[in-house]
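**Student:** Predicted model and sequence below, questions to follow.
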Amino acid sequence: MRSLLLSRRDLDFLLHEWLQVERLTERPRYAEHSRDTFDAVLDLAEQVATEHFAPHNKKNDEHEPTFDGETVTLIPEVKQALDVFAQTGLVASSMDESVGGMQLPHVVSGACFLWFQAANVGTSSYPFLTIGNANLLLEHGTPELVERFVGPMLEGRFSGTMCLSEPQAGSSLADVATRAEPQDDGTYRLFGNKMWISAGEHELTDNIVHLVLAKIPGSPPGVKGISLFVVPKVLVGDDGSLGERNDVVLAGLNHKMGYRGTTNTLLNFGEGVHRPGGQAGAVGYLVGEPHRGLAYMFHMMNEARIGVGSGAAALGYTGYLKSLKYARERPQGRPLAGKDPSAPQVPIVEHADVRRMLLAQKSYVEGALALVLYAGRLVDDERTLPTQEERDRAHLLLDTLTPVVKSWPSQWCLEANSLAIQVHGGYGYTREYDVEQHYRDNRLNPIHEGTHGIQGLDLLGRKVVMHGGAGLALLAETIGATTARARETGGEAGDLAAQLDTAVERVVEVTAKLWAGMDPELALANASVYLEAVGHVVVAWLWLEQYLAAAGEGEFYEGKRQAARYFFRWELPRTGPQLDLLASLDRTTLDMQDAWF
Ligand SMILES: Cc1cc2nc3c(=O)[nH]c(=O)nc-3n(C[C@H](O)[C@H](O)[C@H](O)COP(=O)(O)OP(=O)(O)OC[C@H]3O[C@@H](n4cnc5c(N)ncnc54)[C@H](O)[C@@H]3O)c2cc1C
C-alpha cells in the first residue's frame with residue numbers, strides 16, 4: 001500500500017533524477033556512501049516513522065502533556081518511539097564519523113527526517129532540537145563541553161533545547177534580559193525567564209541541555225551584548241555522572257493550538273528553587289567568546305529554519321495524500337454533463353473544482369519539498385564543494401534563500417492543509433480525520449523561528465542587499481542557468497522559461513526601486529509582500545527544474561509536468577500585482593494611523 005505520509009516515488013525523483021545526490025559520493029566526505037546506503041537509510045526512516053511515530057500522532061494531540069507542579073507527563077508512546085529512534089543512529093546521521101555519526105549528506109538526512117515530521121511532528125521535535133543543539137556545540141563548544149553534553153545527546157540519554165525567547169523579547173532578541181553573572185571558577189550563574197521553550201521540560205531523557213541566550217552585566221546594549229550558555233537541567237560531573245539539580249525550573253506549560261505532543265514551557269532560571277553549590281542561580285557554561293552568542297545561535301537557527309520549512313512541507317504533503325485518497329473514495333454528485341439522476345454518483349475527484357484543490361496542493365507540497373531538499377543540497381555544497389570559491393557561492397545562495405525556505409512552505413503548505421480540509425468537506429472539519437490536526441500543527445510554522453514578517457525584513461532588508469546585492473545577483477544568475485537550459489530544450493519548456501525570466505527581471509528592478517530612495521522605513525514597509533513574490537518566483541524556478549527533470553513517459557512524469565503548468569498558469573501570475581504594488585512604493589500601511597482602527 002502506498003504511504004499516506006510522503007511519496008517515496010517523489011522523494012526518489014527529487015533526490016536522484018533531479019538533484020543527482022549519488023554524485024555527492026565523488027566528494028571525499030561522502031566517499032564511503034553509495035546509492036544503496038542512501039536508499040537503505042531512507043527505507044529505515046520510512047519504516048520507523050510509519051511503525052513508531054505515526055500511530056500515536058492523534059493520541060499525542062488529544063492527550064497533551066500535563067504538569068502537576070512536580071512532573072510533566074506525556075503519553076508513553078512518545079518515549080517508546082524516541083527509544084527506537086535513538087537505536088537507529090539517525091540522530092547523528094549527518095555528523096562526522098569521528099563523533100559516531102553516519103556522515104551522510106545533509107540532503108539525504110533531511111529527506112529522512114521528513115518522514116518523521118510527516119508522521120508525528122510533536123514527537124519528532126524532541127530529537128530534532130537535540131540534533132540542532134548538538135551540531136551547535138560540535139561547531140562552537142570546547143572539547144570538554146562536547147564530551148560532557150554532546151556524547152550523551154547522541155546516545156539519546158540527554159536531549160536539547162534552544163532558549164532564545166523571553167516574555168518581552170520574541171522577535172526582538174536585542175531585548176533579551178536574562179542575566180549571566182561570572183563566577184570565580186569560570187562558570188556563570190543565570191537569572192531570568194525564558195518563554196515558549198519547546199521540549200523545555202519532560203522526563204523523556206535523564207537530562208536536558210538548554211542553550212540559553214543571556215547578557216553578561218556590563219555588555220554592550222542590543223544584540224552585540226548577547227552571549228550563549230549551556231545550562232543543563234542536572235549538573236554533570238567530570239566523569240559524566242549526574243549531580244545536583246540545577247536552578248532552572250518549569251514555571252508552567254503553554255497550551256497550544258497544535259504541536260501538542262511537544263511540551264512548550266516557561267522556564268525560570270535562578271529563582272533559588274534549587275541551590276546548586278548552596279547558592280541560587282542556574283549554573284551555565286559560556287559557549288565560545290562573550291558577546292558573540294547570537295552569531296553562534298544562528299548556527300542552530302539557520303538549521304532550524306530549514307527544519308521549519310521541511311516540517312511545513314511534510315505536513316502539507318501528508319495532508320495532500322490523505323485528501324487525494326479521500327477524493328478518490330468519496331462518491332458525491334454527478335458529472336455536470338450527465339442528465340440521469342439515477343446514474344451512480346461519481347467520486348469527487350471527478351469534479352474539476354476538486355481537482356483544482358488537489359492540483360494546488362500538489363504544486364505547493366511538491367514545490368516545497370523541492371525547495372527544502374535544494375536547501376539541504378546547498379548545505380552539502382557549502383561544506384564540501386572542492387574550491388573555496390564554489391563553497392562561498394553555495395553559502396551565499398543558501399543565506400539568501402533561507403528566509404524563503406523557512407517561509408514559503410510555512411505559508412503555502414498551510415494553505416495546502418486548508419485545501420485538504422476543504423476536499424474532505426464537513427468531514428475534514430471533524431477530529432475523525434487527520435487533516436484538521438495537520439492544519440493546526442502547521443499553523444505554528446509561520447510564527448516560530450522568526451515570524452513571516454521578520455523573514456520578510458530579513459530577505460528585503462538584509463539578504464538581497466548584502467555584499468552590494470551579490471545574493472540577489474547570484475540567485476538571478478542561478479535561475480538564469482535553468483531558463484537557458486529550458487530555452488535550449490524549446491517548446492513548452494522555452495515558454496515557461498520566458499515567463500520566469502520576465503518575473504526575475506521584475507524582481508531585480510523592483511528591488512532596486514525599493515532601495516533607490518534610501519528610505520528604509522518605506523522600502524521595508526511591505527517586506528512581507530516582497531517575501532511572498534520572491535518565494536513564488538523561486539518555487540516557479542524549482543518547478544521549471546522539475547519539469548526539465550521529468551522528461552520521461554508515464555503517469556508520474558505527466559503529473560509533474562501538469563503541476564508545473566498549473567504553477568506557471570495559476571500561481572506565478574500572482575506575483576505581477578504584488579511586484580506592481582511594491583514598485584508603486586505604496587504607503588497605505590505606513591500612513592494608516594493607530595487611532596484610525
Ligand atoms: C509553539 C511555539 C514554540 C516555540 N519554540 C521556541 C523555542 O523552542 N525556543 C525559543 O527561543 N522560542 C520559541 N518560540 C518563540 C517564537 O520564536 C516566538 O513566538 C516568535 O519569535 C515571535 O515572538 P513573539 O511571540 O514574542 O511575538 P512578537 O515578536 O511580539 O510578534 C508579534 C507580531 O508582531 C510582528 N512584529 C514584531 N516585531 C516586528 C518588527 N520589528 N517589524 C514588523 N513586525 C514585527 C511579528 O511578525 C508578529 O506578527 C516558540 C513559539 C511557539 C508559539
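**Tutor:** That came through, no problem.
**Student:** Ala498 sits in which helix or strand?
**Tutor:** helix 491-516 (DSSP states H and E).
**Student:** what stretches of the stretch 151-300 of the chain score poorly on pLDDT?
**Tutor:** Nowhere does the stretch 151-300 of the chain drop to pLDDT under 70.
**Student:** show me where it has helices.
**Tutor:** Ranges of helices in the stretch 151-300 of the chain, per DSSP state H, counting those that start in this stretch, are 151-155, 293-329.
**Student:** now swap in the stretch 451-597 of the chain and tell me
**Tutor:** Taking DSSP H, counting those that start in this stretch, the helices of the stretch 451-597 of the chain run over residues 452-458, 466-489, 491-516, 520-523, 527-549, 555-566, 575-583, 588-591.
**Student:** Which of those has the highest mean neighbour count?
**Tutor:** Highest mean neighbour count among those (mean count of other CB atoms under 10 Å): helix 527-549, with a mean of 23. To be clear about C-beta, it is placed using only N, CA and C from the backbone, and glycine gets the same treatment.
**Student:** If you count contacts, what does it end up packed against?
**Tutor:** With contacts taken as 3 or more CB pairs under 8 Å, 6 or more residues apart in numbering; DSSP states H and E, helix 527-549 sits against helix 352-384, helix 388-423, helix 452-458, helix 466-489, helix 491-516, helix 555-566, helix 575-583.
**Student:** Establish whether it and the ligand are in contact.
**Tutor:** No - using CB under 6 Å from any ligand atom, helix 527-549 never reaches the ligand; the gap is at least 8.0 Å.
**Student:** quick revisit: among the helices and strands packed on helix 527-549, which comes closest to Ile226?
**Tutor:** Ile226 lies closest to helix 452-458 among those, at 16.6 Å (CB to CB).
**Student:** Export the closest one to CSV, keeping only CA atoms.
**Tutor:** Provided in CSV are the C-alpha atoms of helix 452-458 (Å, rounded to 0.1, in the frame of the first residue of the first chain):
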residue,chain,number,x,y,z
HIS,A,452,6.7,35.7,8.5
GLY,A,453,7.1,39.5,8.9
ILE,A,454,10.6,39.1,10.3
GLN,A,455,11.6,36.8,7.5
GLY,A,456,10.4,39.5,5.0
LEU,A,457,12.5,42.1,6.7
ASP,A,458,15.5,39.7,6.7
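**Student:** if we can go back for a sec, Lys339: which of the helices of the stretch 451-597 of the chain is closest?
**Tutor:** Evaluated with CB to CB, the helices of the stretch 451-597 of the chain place helix 555-566 nearest to Lys339, the distance being 29.4 Å.
**Student:** what helices or strands is that closest one leaning on?
**Tutor:** Counting contacts by 3+ CB pairs under 8 Å, 6+ apart, helix 555-566 packs against helix 352-384, helix 527-549.
**Student:** still on that earlier bit, okay if I get the helices of the stretch 151-300 of the chain as CSV plus distance to Gln388 and mean neighbour count?
**Tutor:** Supplementary listing: those in CSV, determined by distance: least, CB to CB, whole Å; neighbours: other CB atoms under 10 Å:
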stretch, distance to Gln388, mean neighbour count
helix 151-155, 30, 19
helix 293-329, 20, 24
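**Student:** Quick one: neighbours of the closest residue to the ligand within the chain, just the number.
**Tutor:** Among the residues of the chain, Gly170 lies nearest to the ligand; the distance is 1.8 Å by CB to the nearest ligand atom. Per other CB atoms under 10 Å, the neighbour tally for Gly170 reads 17.
**Student:** That one: what's it in contact with?
**Tutor:** Each residue near Gly170 by CB atoms under 8 Å, 6 or more residues apart in numbering is listed here: 195-196.
**Student:** Backbone torsions only: list them for it.
**Tutor:** Dihedral pair for Gly170: phi -110, psi -80, per degrees, to the nearest 10.
**Student:** What of Gln20?
**Tutor:** Note on Gln20: its backbone torsions stand at phi 50, psi 50 [degrees, to the nearest 10].
**Student:** before we move on, the earlier item: when you compare where the helix holding Ala498 runs with where helix 466-489 runs, what's the angle?
**Tutor:** The directions of helix 491-516 and helix 466-489 differ by 160 degrees, with axes from the mean of the first three to the mean of the last three CA atoms, to 10 degrees as the criterion.
**Student:** What parts of the stretch 151-300 of the chain come near the ligand?
**Tutor:** So far as CB under 6 Å from any ligand atom goes, the stretch 151-300 of the chain lies against the ligand at 162-165, 170-171, 196-198, 256, 259, 264.
**Student:** so where do the strands sit in the stretch 51-200 of the chain?
**Tutor:** Counting by DSSP state E, counting those that start in this stretch, the stretch 51-200 of the chain has strands at residues 66-67, 72-73, 158-163, 179-182, 188-198.
**Student:** Figure out which of the ones you listed is closest to Ala368.
**Tutor:** Comparison of the strands of the stretch 51-200 of the chain against Ala368 by CB to CB identifies strand 188-198 as nearest, at 21.8 Å.
**Student:** What ranges in the stretch 351-500 of the chain fall below the confidence cut-off?
**Tutor:** Within the stretch 351-500 of the chain, no range satisfies pLDDT under 70.
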